[in-house]
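Enquirer: From the sequence below, what's the structure:
(2 chains)
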Amino acid sequence: GAVVSQHPSRVICKSGTSVKIECRSLDFQATTMFWYRQFPKQSLMLMATSNEGSKATYEQGVEKDKFLINHASLTLSTLTVTSAHPEDSSFYICSARDGIRGSNYGYTFGSGTRLTVV
Amino acid sequence: AQKITQTQPGMFVQEKEAVTLDCTYDTSDQSYGLFWYKQPSSGEMIFLIYQGSYDEQNATEGRYSLNFQKARKSANLVISASQLGDSAMYFCAMRYSGNTPLVFGKGTRLSVIA
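Expert: Numbers count the residues shown, from 1 in each chain, chains lettered A, B, ... in the order given. Have a look, this model is predicted:
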């Protein structure tokens, strides 16, 4: 079935530095990528939607200059947390939309990245 | 606006018993899909079961079944013969028409007791 590889799975960074998270679709073309954020004991909150070759659409309250999303190819989308602060510590997870094969009924999740900013 | 409601923050079930996790949804769309995911402590989202709004039969996948009551806008997950490994967070989610993201409920933490 469809697989999305997300890296890194866990990262600790110093406050003020930037962190890049990658989501790569391994055997299908991800026409759309959704990025979610999850705080402890809470649900997944949509941060942004990105379509290959287009600018990402951010949800209300999400700073686009802080959370840079790039979807330059049909198999790779990246989320960069710029100038990270402790309040950015969270679990970040991507979900690829497979508009062609429809496996997992069209939504395949990465395994998530646990970001800790110290 | 589309909305998913899970009213049970936490549930306990005895091993080998069945358990029902509640989910109600709100949408004005005629075409939509309902999902259930399991999220263990590792964080990965494990797809369990899917029900399309036009599906006449309730979806089943092994020990998982979805009790779909369209008129009541409910899509409860039934887990039969619970196992200790079923202890996790469970999320109900909805896809509405078009190339849109899943909307998630707040989740239910299921604890299976030996």
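Enquirer: near chain B, which residues of chain A show up?
Expert: By CB under 8 Å from any CB of the partner chain, the residues of chain A that approach chain B are A:31-32, A:34, A:38, A:42-44, A:46, A:49, A:91, A:93, A:95, A:97, A:99, A:104-107, A:109, A:111-112, A:114. Heads up, the C-betas are built off the backbone N, CA and C, glycines and all.
Enquirer: try 7 Å this time
Expert: Near chain B, the residues belonging to chain A are A:32, A:34, A:43-44, A:46, A:49, A:91, A:93, A:95, A:97, A:99, A:104-105, A:107, A:109, A:111-112, A:114 when assessed by CB under 7 Å from any CB of the partner chain.
Enquirer: Drop anything exposed from those.
Expert: With burial judged by 16 or more other CB atoms under 10 Å in any protein chain shown, the buried subset of these is A:32, A:34, A:43-44, A:46, A:49, A:91, A:93, A:95, A:97, A:104-105, A:107, A:109, A:111-112, A:114.
Enquirer: before we move on, the earlier item: could you list which of the residues of chain A next to chain B belong to strands?
Expert: Residues of these located in strands (DSSP state E): A:32, A:34, A:46, A:49, A:91, A:93, A:95, A:97, A:107, A:109, A:114.
Enquirer: ok, now which ones touch the fifth one?
Expert: Neighbour list for residue A:91: A:38, A:112, A:114, B:43 [criterion: CB atoms under 7 Å, 6 or more residues apart in numbering or on different chains].
Enquirer: hang on, the first one packs against residue A:44?
Expert: Yes - Residue A:38 sits in contact with residue A:44 when judged by CB atoms under 7 Å, with a separation of 5.0 Å.
Enquirer: quick one: common contacting residues for the two?
Expert: Common neighbours of residue A:38 and residue A:44, using CB under 7 Å, 6+ apart, are residue A:93.
Enquirer: Check the closest residue to residue A:84 other than its chain neighbours and give its pLDDT.
Expert: Nearest non-adjacent residue to residue A:84, counting by CB to CB, 6 or more residues apart in numbering or on different chains: residue A:117, 4.5 Å away. pLDDT, residue A:117: 98.
Enquirer: Bridged to residue A:117, which residues?
Expert: Assessed by DSSP bridges, residue A:117 has beta-bridge partners residue A:13.
Enquirer: That one: neighbour count?
Expert: Residues lying near residue A:117 (other CB atoms under 10 Å in any protein chain shown) number 20.
Enquirer: Please apply the same query to residue A:7.
Expert: 14.
Enquirer: before we move on, which element is the residue nearest to it when sequence neighbours are not counted in?
Expert: Distance criterion CB to CB, 6+ apart; nearest residue to residue A:7, sequence neighbours excluded, is residue A:22 at 5.2 Å. Using DSSP states H and E, residue A:22 sits within strand A:19-25.
Enquirer: now for that strand, which elements pack on it?
Expert: For strand A:19-25, the contact count by 3 or more CB pairs under 7 Å, 6 or more residues apart in numbering or on different chains; DSSP states H and E identifies strand A:4-7, strand A:76-81, strand A:90-97 as packing neighbours.
Enquirer: could you dump the ones you listed to TSV with mean pLDDT and distance to residue A:65?
Expert: TSV is the format used below for the helices and strands packed on strand A:19-25 (pLDDT from 0 to 100; distance: least, CB to CB, whole Å):
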stretch	mean pLDDT	distance to residue A:65
strand A:4-7	97	23
strand A:76-81	96	11
strand A:90-97	95	17
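Enquirer: which of these sits most buried?
Expert: A comparison of the helices and strands packed on strand A:19-25 by mean neighbour count, using mean count of other CB atoms under 10 Å in any protein chain shown, puts strand A:90-97 on top with a mean of 24.
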